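Curious how this folds, go ahead:
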Amino acid sequence: MTYVAEARPRRRTTPAKPRLNRVEMRLSESRVTRACIDSRVRTLLSQRNEAIAAALADKVSLSAISTVVGIRAADVKRLGGAYHDLHFSGIRHDWHLTRLSAIVRQLDAALEDKEQSAQKLRRDVLEGLESGRLDIFRVAALTALPAERIRELMRPAAAH
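Modelled structure (predicted):
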């Protein structure tokens with residue numbers, strides 16, 4: 001009996017990618033959502049701080065800026081002092097205050113989105129853990145958060 005090799009190599013079967021269930025899909029999507037929201041918040045904080053510095057350079061009072069922004073006057077002075085390259089531009093005070101007010105409204109909306117995203121993530125993590133199909137390490141892998149952060153996220157929900 002003689003061995004005859006096949007003329008062409010056998011086709012290798014590739015394992016199918018595991019499909020994610022609904023909870024796993026929402027958890028993995030939350031990673032992108034959180035990144036977008038965090039980026040937006042950082043951008044708005046930077047814009048707010050630059051607007052504070054520009055207003056201070058144009059001699060807008062600390063108390064007026066503090067009132068519009070909603071932070072202490074000492075913090076306004078500290079944030080504005082970080083920008084040394086701004087000089088008096090002659091723009092009216094009310095324009096600065098209007099600009100600051102608009103940025104603060106956008107920042108408040110972004111922070112509200114961040115809080116809603118955290119609540120949604122908390123609900124999804126609870127659902128995944130309670131179903132028994134996911135453990136804390138699978139949740140951590142899907143959300144790109146450390147397991148300890150997932151535990152911290154769940155602590156307030158367990159207290160209620």
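
quick check: longest helix of this protein.
When the chain is parsed with DSSP state H, its longest helix is helix 93-131.

Name the next helix or strand downstream of that helix, please.
Following helix 93-131 in sequence order, the next helix or strand is helix 136-143 (DSSP states H and E).

Residues contacting that following helix, please?
20, 24, 27-28, 30-31, 121, 125, 128-129, 134, 146-147, 149-151 (Cβ atoms under 8 Å, 6 or more residues apart in numbering). Just so you know, the C-beta spots here come from the backbone N, C-alpha and C atoms, and that holds for glycine as well.

any idea which residue sits dead centre in this protein?
residue 38 (2.5 Å; Cα atoms, centre = their mean).

Without its sequence neighbours, what residue ends up closest to it?
Distance criterion Cβ to Cβ, 6 or more residues apart in numbering; nearest residue to residue 38, sequence neighbours excluded, is residue 114 at 7.3 Å.

re the thing from before, quick check: which element contains the residue nearest to the centre of the chain?
helix 22-57.

Output the contacting helices and strands for the helix or strand that that helix is followed by.
Per DSSP H and E, the first helix or strand lying C-terminal to helix 22-57 is helix 62-69. Packed against helix 62-69, as judged by 3 or more Cβ pairs under 8 Å, 6 or more residues apart in numbering; DSSP states H and E, are the following elements: helix 22-57, helix 73-81, helix 93-131.

closest one to residue 15 among the ones you listed?
helix 22-57 (17.8 Å; Cβ to Cβ).

Enumerate the positions of that closest one that are buried.
23-24, 26-27, 30, 33-34, 37, 40-41, 44, 47-57 (16 or more other Cβ atoms under 10 Å).

Likewise for stretch 115-122?
117, 121.

Residue 152: neighbour count?
11 (other Cβ atoms under 10 Å).
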